[in-house]
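> what shape does this take:
(one chain, ligands or ions: 3)
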Amino acid sequence: MKIFSTENIRKIDRVTIEEEGVSSQELIRRVAEAVTSEIVAHWSPSTPVVIFAGSGNNGADALVVGRMLLEAGFYPRILLFNFHGDSLSRDCRQAKHDLLATGYQGLVEIIDRAELPTLTPEHLVVDGLFGSGLREPLEGGFMMLARVISESGATVISIDVPSGMFGDWNARVIGRNVVHANLTIAVQFPRLAFFLSDNADLVGRWKVIDIGLSERAILNTPTKYFYVERDEVSAVLKSRKPFSSKADYGHALLFSGCYGMTGAAVMAARGALRSGVGKLTVHSARAAFPVLQGQVPEALFSPDRQDYVISDMSARFNCSAIGVGPGIGTNDATRGALETLIKSYKRPLVIDADALNAIAQNQSLLDHIAPGSILTPHAGEFDRIFGAQTSAEGRLLKAIEVSHRYKILIVLKGHYTATVRPDGKVFFNSSGTPAMATAGSGDVLTGIITSLLAQGYKPESASVAGVYIHGLAGEIAADTHGEYGTTGMDIADAVGRAIKVIME
Ligand SMILES: NC(=O)C1=CN([C@@H]2O[C@H](COP(=O)(O)OP(=O)(O)OC[C@H]3O[C@@H](n4cnc5c(N)ncnc54)[C@H](OP(=O)(O)O)[C@@H]3O)[C@@H](O)[C@H]2O)[C@@H](O)CC1
Ligand SMILES: Nc1ncnc2c1ncn2[C@@H]1O[C@H](COP(=O)(O)OP(=O)(O)O)[C@@H](O)[C@H]1O
Ligand SMILES: [K+]
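Ligands and ions are numbered 1, 2, ... in the order given. Predicted structure coming up:
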């Protein structure tokens with residue numbers, strides 16, 4: 001799914017109205033209908049509802065919600081902010097007129113000073129103050145109102161975006177001055193801001209409602225941001241040909257594990273095998289031999305010269321893809337071997353965990369990484385290499401910059417893992433669960449991406465599809481083992497089922 005900028009959503013909105021003949025009032029009706037259905041489905045008419053309507057079309061949406069709730073037997077209290085009595089947009093004015101035409105007596109129109117109702121945790125608030133028309137971060141009375149709503153404990157449903165938050169970038173916004181929604185119901189598209197952990201407490205849960213904006217305009221409007229769902233991944237994954245053999249599915253090589261961290265190699269190897277690689281060799285410290293052969297008998301074991309660490313990372317047997325990092329440690333011998341690998345290997349590498357930490361200690365290596373390589377840092381690993389960031393937004397912008405500069409893909413791991421490509425495109429992943437916040441789950445991802453690369457998938461697809469498969473495997477594992485009980489191995493073992501579900 002495309003994630004559009006606020007500016008582009010406005011353009012698509014305009015095309016829909018001007019070229020497809022759908023009136024803005026009809027679009028507002030569709031928004032309001034979806035918001036009302038949500039409320040009617042989950043709350044009873046006796047719920048004390050307070051609706052805050054601003055003077056633009058976000059406010060128009062809110063006023064129509066009010067009218068529809070009245071029809072459904074609710075009796076909402078509605079506050080409309082209409083400074084000087086003349087600031088309403090055309091649609092907002094019409095929505096007010098239609099509301100009053102029902103005979104409704106509860107409208108409080110705020111023309112200069114606001115008398116705010118007391119909000120309690122029993123209240124349901126509909127936040128239609130500001131949507132995509134927000135010009136500046138909130139200040140003054142609206143800032144105070146946002147705080148009052150957020151701190152009241154009431155349940156808040158925000159229409160389109162939480163009021164005070166921009167749909168795109170929010171570096172200038174202070175979270176406390178934004179309405180904190182429990183649920184945000186976005187019009188037609190999710191917003192970039194929803195995917196950044198900085199805004200998690202502002203947006204709450206979110207849903208997108210389809211109001212039928214012009215499909216042609218959606219198709220023809222370019223964007224750099226995408227939300228990856230199952231269909232996009234199933235379109236990428238290829239079915240196996242009946243006469244194919246393991247030779248058709250590549251031979252992956254993992255440099256992984258050392259004394260005390262052999263499990264990382266086991267999990268990466270399981271992830272690779274469960275995602276279809278034809279053959280897998282794990283090169284690890286000699287001491288890892290019994291564990292790897294016992295736990296992953298399908299993989300070939302390549303012993304290092306050294307007993308406890310990896311000291312040699314030369315590419316072997318013309319392998320089709322290399323993944324490096326899980327559980328390798330940061331000792332000198334391993335770092336030296338990694339430097340040689342990075343400087344000599346001309347095809348894309350998958351680089352994770354301690355291999356990333358080694359790069360953080362020798363940043364000149366960045367200039368040598370083969371184009372198309374995939375780095376899979378979590379926030380801490382990313383910051384160690386590219387500098388500390390104070391926000392997820394800043395980190396994403398930095399990732400876009402360095403991905404372009406070094407021609408590498410960056411898989412920024414987190415709740416919505418973002419795969420950033422050198423062309424500036426960013427793919428946010430939709431699968432996954434907090435059950436995956438457990439040691440070893442990242443190792444499984446390295447295995448999956450390396451396996452897909454070995455099978456001939458391009459780095460762009462191997463990373464985006466690999467991340468989705470990994471997240472879905474986490475969800476499947478969590479179905480059985482729960483949020484607390486899921487382990488890295490459970491995720492690895494569910495990878496095959498995840499791919500099966502995607503391809504069905
Ligand atoms: N996209 C779609 O397809 C559809 C979108 N729809 C809905 O329309 C919404 C967008 O509506 P919108 O453009 O009228 O803007 P909106 O957010 O209501 O705010 C404008 C008002 O706020 C004011 N204002 C701004 N900043 C301010 C500040 N810092 N402090 C104080 N005031 C400030 C601004 O004042 P002005 O700039 O005029 O002085 C103006 O009065 C969108 O989010 C969605 O809900 C659907 O209904 C239909 C389909
Ligand atoms: N709250 C979460 N929601 C979704 N996915 C998560 C969450 N927490 C962690 N994950 C996923 O789990 C993996 C953790 O990887 P990482 O931090 O490298 O762990 P480790 O190095 O211990 O294996 C990442 O793919 C990340 O996206
Ligand atoms: K809003």
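> quick one: the helices in the stretch 1-150 of the chain?
Using DSSP state H, counting those that start in this stretch, the helices of the stretch 1-150 of the chain run over residues 6-19, 24-42, 57-71, 90-100, 140-151.
> report the inter-axis angle for the first one versus helix 57-71.
For helix 6-19 and helix 57-71, the angle between their directions (axes from the mean of the first three to the mean of the last three CA atoms, to 10 degrees) works out to 70 degrees.
> helix 6-19 vs helix 24-42, what angle?
Per the same axes, to 10 degrees, the angle that helix 6-19 makes with helix 24-42 is 120 degrees.
> tell me the buried residues in helix 6-19?
Using 16 or more other CB atoms under 10 Å as the test for burial, helix 6-19 gives 6, 8-9, 12-13, 15-17. (C-beta placed from N, C-alpha, C; glycine too.)
> could you do the fourth one as well?
Of the residues in helix 90-100, those buried by neighbour count under the rule 16+ other CB under 10 Å are 91-96, 98-99.
> got the residues you listed as CSV, with distance to Ser245 and pLDDT columns?
Output for the buried residues of helix 90-100, formatted as CSV (distance: CB to CB, whole Å; pLDDT from 0 to 100):
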residue, distance to Ser245, pLDDT
Asp91, 63, 97
Cys92, 66, 97
Arg93, 70, 97
Gln94, 68, 97
Ala95, 65, 97
Lys96, 71, 97
Asp98, 68, 97
Leu99, 69, 97
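> for the top helix by length along the chain, the averaged confidence score.
Counting by DSSP state H, the longest helix found in the chain is helix 459-485. The pLDDT scores in helix 459-485 average 98.
> show me what counts as buried in it.
459-478.
> contacting residues for the residue of the chain most remote from its centre?
Relative to the centre of the chain, the most outlying C-alpha is that of Gly103, 44.8 Å out, by CA atoms, centre = their mean. By CB atoms under 8 Å, 6 or more residues apart in numbering, no residues touch Gly103.
> residue numbers of the protein in contact with ligand 3?
Residues of the chain lying near ligand 3 by CB under 5 Å from the ion: 127, 131, 158-159, 163.
> now these: which count as buried?
For the residues of the chain next to ligand 3, buried by 16+ other CB under 10 Å: 127, 131, 158-159, 163.
> so how far is stretch 245-260 off the chain centroid?
Here the centre of stretch 245-260 is set off from its chain's centre by 29 Å, with CA atoms, centre = their mean, to the nearest Å.
> export it as PDB, just CAs?
Listed next in PDB are the C-alpha coordinates belonging to stretch 245-260 (Å, rounded to 0.1, in the frame of the first residue of the first chain):
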ATOM      1  CA  SER A 245      16.400 -29.500  -7.800                       C
ATOM      2  CA  LYS A 246      18.300 -28.100  -4.900                       C
ATOM      3  CA  ALA A 247      20.800 -26.700  -7.300                       C
ATOM      4  CA  ASP A 248      18.100 -24.200  -8.400                       C
ATOM      5  CA  TYR A 249      17.800 -22.800  -4.900                       C
ATOM      6  CA  GLY A 250      21.300 -21.600  -4.200                       C
ATOM      7  CA  HIS A 251      24.000 -22.400  -1.700                       C
ATOM      8  CA  ALA A 252      24.100 -19.900   1.100                       C
ATOM      9  CA  LEU A 253      27.100 -19.400   3.400                       C
ATOM     10  CA  LEU A 254      26.700 -18.000   6.900                       C
ATOM     11  CA  PHE A 255      29.600 -16.800   9.000                       C
ATOM     12  CA  SER A 256      28.000 -17.100  12.400                       C
ATOM     13  CA  GLY A 257      28.600 -18.200  16.000                       C
ATOM     14  CA  CYS A 258      31.500 -18.400  18.300                       C
ATOM     15  CA  TYR A 259      32.100 -20.100  21.600                       C
ATOM     16  CA  GLY A 260      29.200 -19.100  23.900                       C
END
